[in-house]
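J.: Generate a structure from the sequence data that follows.
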Amino acid sequence: MSQTHRFRWGMAAAVLAVMALVFAALVSSWLGMSAEQSARASVLEASQLARRVLAAKARADELAALLTEYALAALRGERVDDASPQREAYARTRAALRAQLEQIGAEPLETQERLLLTAAGSSLERFDRVVSEIAALMRRGAPGERLEASAYVLEAAAPLAEHTANLILALEARVAQRAEAAAEQGRAAAERARVQLIAFGGLSLLLALLLARSLADSMAKRAELMRQFSELARVDGLTGVPNRRAWDEEIARGLERARRTGQRCAVGLIDLDHFKRYNDTEGHQRGDLLLRETARALATRLRNGDLIARYGGEEFAVLLHGCDLKSGLKLFERLHEAPPGGQTFSAGLTDSDGREAEAMVLARADHALYRAKREGRNRTAATGAPPAAALAAV
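T.: As a prediction, this is how the structure comes out:
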C-alpha cells in the first residue's frame, strides 16, 4: 500500500474517530440535559403541588379554629344556627378546603401520596359528620346540650380536625421527598454526563467545556430552586412570616438556648380582636390584607433575632430571646401600637428558663391569652413561669 493510501486511510480513521467523539459527546449531552430537564420539571411540579398542600393544611387548621369559636359562641349564648356568622364562616372554610383537596386530587400523585390524600378526605368526612351532630345539639339550645356539644368538640371533633391536618402535613412531606429525589436524580445525571464528556477529550474538549458550563448553570438554578422550595416550606404564603412548622422548630431551639445560656426567653401568643367579624363584614380579601399588614407591622417592631410566626388563622406567636417577663411586657406595649387601621389584638405572654417542655410554655401563654380576652381584649395578660420546685414535681 502506497504512502498516499496509508495517509488517506489514516485521515479517514481520524475523521471517523473525531466524528465518533463528537457523536458520543452529543449523545451524552442530550441524555444528560434531557434527564436534568425532566428532573427540573418534576421539581417544579412537586413545588407547585406542595404549595397547594400547604394551603390546604392552613385551611384545615383554620377550620379547627372556627369550630372552637363556634362552640365558644354557643356557650356564650350567642345565636349559633345555620345563619350565624360563625356557622357561615365555618361552612365557607370547609367548602374551600374540600375544593383544595379536589384540586390536589386532580394532580399526578404517586400511590402513597394518593393514599394520604384519600385518608385526609375520609377524615374530613368523619369530621363533617361529627360537626353535624354538634350543630344539632347546639340548635336545640338547652344549656346542658350546649355543654355536651362543647365537650364533644374537644373529645371528638378537635382530634379529627388535628388528624386531618396531620394527614395533609404527611402528604406535604411526601411531595417534598419526591422533589428532593427528582433533584438528586437530575444532579446525578448531570454529573455522569460531565464525566463522560471529560473522558472524550481531544477534539470534543470545546464541546465538553461548553456543556459543563451549561450544566453548571443548570445545577446553580436547580440549587436556587431547591433553596426557594425549602424557604417556601417554612414561610406562611399569606403573610410572609414564618409558618407553624418553622415556629415549632424555632421554639425548641429558643428554649434550648435559654437553658444553655441561663438567659430567659419570653413566648407570646397574639390573637387579632374580632377578626372573624371583620372577615365576614369586609370580605376575605380585606381580611387577608389586614393579616399581611399586621404581620409586617409587628415584625418591624421586634428586635433583631426575635421571631414572629403565623400560629394559625388570625393568631401569631412571638419568641423573644434573652427577655424576661417584665421586659417582654414593655415590648408588647409597643406592639399594641403596630396594627394598621385601629385594629387591636389580645395577647398572652409568659417566660421560661428553658427547663420545661414546649407544651407547658405554650399552655401558659394560651391561658394568659384567654384571660386577656375575658378582661376586655386589646391588652396583654402575663403569666410567669412556676417555681422550679413545682416544675420538679410535675
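
J.: can we go C-alpha only for contacts and neighbour counts from here?
T.: Noted.

J.: What helix or strand is Ser346 located in?
T.: Ser346 is part of strand 345-352 when elements are defined by DSSP states H and E.

J.: quick one: the helices in this protein?
T.: In the chain, the helices defined using DSSP state H lie at 3-75, 85-105, 111-140, 143-152, 158-200, 205-232, 244-261, 275-282, 284-301, 325-335, 358-374, 388-393.

J.: hey, least reliable of these by pLDDT?
T.: Ranked by mean pLDDT, those bottom out at helix 388-393, with a mean of 42.

J.: neighbours of Leu66, just the number please.
T.: Leu66 is flanked by 21 other residues according to other C-alpha atoms under 10 Å.

J.: same question, Gln112
T.: Burial of Gln112 is recorded as 12 neighbouring residues (other C-alpha under 10 Å).

J.: Which residue is the nearest non-sequential neighbour of Thr383?
T.: With C-alpha to C-alpha, 6 or more residues apart in numbering as the measure, Thr350 is the residue that lies nearest to Thr383, at 5.0 Å, once sequence neighbours are left out.

J.: what about that neighbour, neighbour count?
T.: 28.

J.: just use 196 as the starting number from now, easier for me
T.: Okay, using 196 as the starting number, the last item reads as Thr545.

J.: For it, which residues are in contact?
T.: By C-alpha atoms under 8 Å, 6 or more residues apart in numbering, the contact set of Thr545 is 461-463, 520, 556, 559-560, 563, 577-580.

J.: got a pLDDT number for it?
T.: Among the per-residue scores, Thr545 shows a pLDDT of 97.

J.: my guess is Asp256 contacts Gly507, does it?
T.: Yes - using C-alpha atoms under 8 Å, Asp256 and Gly507 qualify as a contacting pair, with a distance of 6.4 Å.

J.: The strand holding Ser541: partners in the sheet, and parallel or antiparallel?
T.: Its sheet considered, strand 540-547 pairs with strand 460-467 (antiparallel), strand 575-577 (parallel) by DSSP bridges.

J.: which one of the ones you listed lies closest to Arg293?
T.: With C-alpha to C-alpha as the criterion, Arg293 lies closest to strand 460-467 of the strands paired with strand 540-547, at 26.0 Å.

J.: pLDDT on the closest one, on average?
T.: Across strand 460-467, the average pLDDT comes to 97.

J.: just the angle between that strand and helix 479-496, please?
T.: Angular relation of strand 460-467 and helix 479-496 on a 0 to 180 degree scale: 150 degrees, by axes from the mean of the first three to the mean of the last three C-alpha atoms, to 10 degrees.

J.: I'd like to check the angle between strand 460-467 and helix 439-456, please.
T.: Taking the same axes, to 10 degrees, strand 460-467 and helix 439-456 form an angle of 150 degrees between their directions.

J.: Using CSV, list the CA coordinates for strand 460-467.
T.: In CSV, the C-alpha atoms belonging to strand 460-467 read as follows (Å, rounded to 0.1, in the frame of the first residue of the first chain):
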residue,chain,number,x,y,z
CYS,A,460,-36.8,33.8,76.8
ALA,A,461,-40.4,35.1,76.5
VAL,A,462,-43.1,33.5,74.5
GLY,A,463,-46.3,35.3,73.4
LEU,A,464,-49.5,34.4,71.6
ILE,A,465,-51.3,37.2,69.7
ASP,A,466,-54.9,37.0,68.5
LEU,A,467,-56.5,39.8,66.4
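
J.: Now do the residue nearest to Thr578 against Ala492, distance only.
T.: Using C-alpha to C-alpha, to the nearest Å, one gets 22 Å for the distance from Thr545 to Ala492.

J.: same deal with Ala260?
T.: Using C-alpha to C-alpha, Ala260 is found at 24 Å from Ala492.

J.: Could you do Asn474 as well?
T.: In this structure, Asn474 and Ala492 are 19 Å apart, going by C-alpha to C-alpha.

J.: Check Lys525 too.
T.: Distance of Lys525 to Ala492, given as C-alpha to C-alpha: 17 Å.

J.: More neighbours: which of the two?
T.: Neighbours per residue (other C-alpha under 10 Å) separate Lys525 from Ala492, with Ala492 holding more: 16 against 10.

J.: Do I have it right that the more buried one meets Glu532?
T.: No - the pair Ala492 / Glu532 is not scored as a contact, 9.2 Å apart, by C-alpha under 8 Å.

J.: Check whether Gly543 really touches Ala461, as I assumed.
T.: No - between Gly543 and Ala461 there is no contact under C-alpha under 8 Å: 10.6 Å.

J.: Now Asn474. Nearest residue, chain neighbours left out?
T.: If you skip the residues right next to it in sequence, Asn474 has Gly482 as its closest partner in space, 5.0 Å away by C-alpha to C-alpha, 6+ apart.

J.: thought the one you found was touching Arg472?
T.: No - under the contact definition of C-alpha under 8 Å, Gly482 does not touch Arg472, with a separation of 9.7 Å.

J.: Same drill for those two, tell me which one is more crowded.
T.: More crowded of Gly482 and Arg472, by other C-alpha under 10 Å: Gly482, with 19 against 14.

J.: Might you report the residue contacts of that one?
T.: With contacts defined as C-alpha under 8 Å, 6+ apart, the neighbours of Gly482 are 470, 473-474.

J.: can you pick the most crowded of the residues you listed?
T.: Ranked by neighbour count under the definition other C-alpha under 10 Å, the contacts of Gly482 are headed by Phe470 with 19 neighbours.

J.: Was I right to think it contacts Glu509?
T.: Yes - contact criterion C-alpha under 8 Å: Phe470 and Glu509 qualify, at 6.9 Å.

J.: can I get the CA coordinates of stretch 436-452 in CSV?
T.: This file holds the C-alpha atoms of stretch 436-452, laid out as CSV (Å, rounded to 0.1, in the frame of the first residue of the first chain):
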residue,chain,number,x,y,z
VAL,A,436,-43.7,35.5,58.1
PRO,A,437,-42.5,32.0,59.3
ASN,A,438,-45.2,29.4,59.4
ARG,A,439,-46.2,26.9,62.1
ARG,A,440,-43.6,24.4,61.1
ALA,A,441,-40.8,27.0,61.4
TRP,A,442,-42.3,28.1,64.8
ASP,A,443,-42.2,24.5,66.1
GLU,A,444,-38.5,24.2,65.2
GLU,A,445,-37.5,27.6,66.5
ILE,A,446,-39.2,27.5,69.9
ALA,A,447,-37.4,24.2,70.6
ARG,A,448,-34.1,25.9,69.7
GLY,A,449,-35.1,29.0,71.7
LEU,A,450,-35.8,27.0,74.9
GLU,A,451,-32.6,25.1,74.5
ARG,A,452,-30.7,28.3,74.1
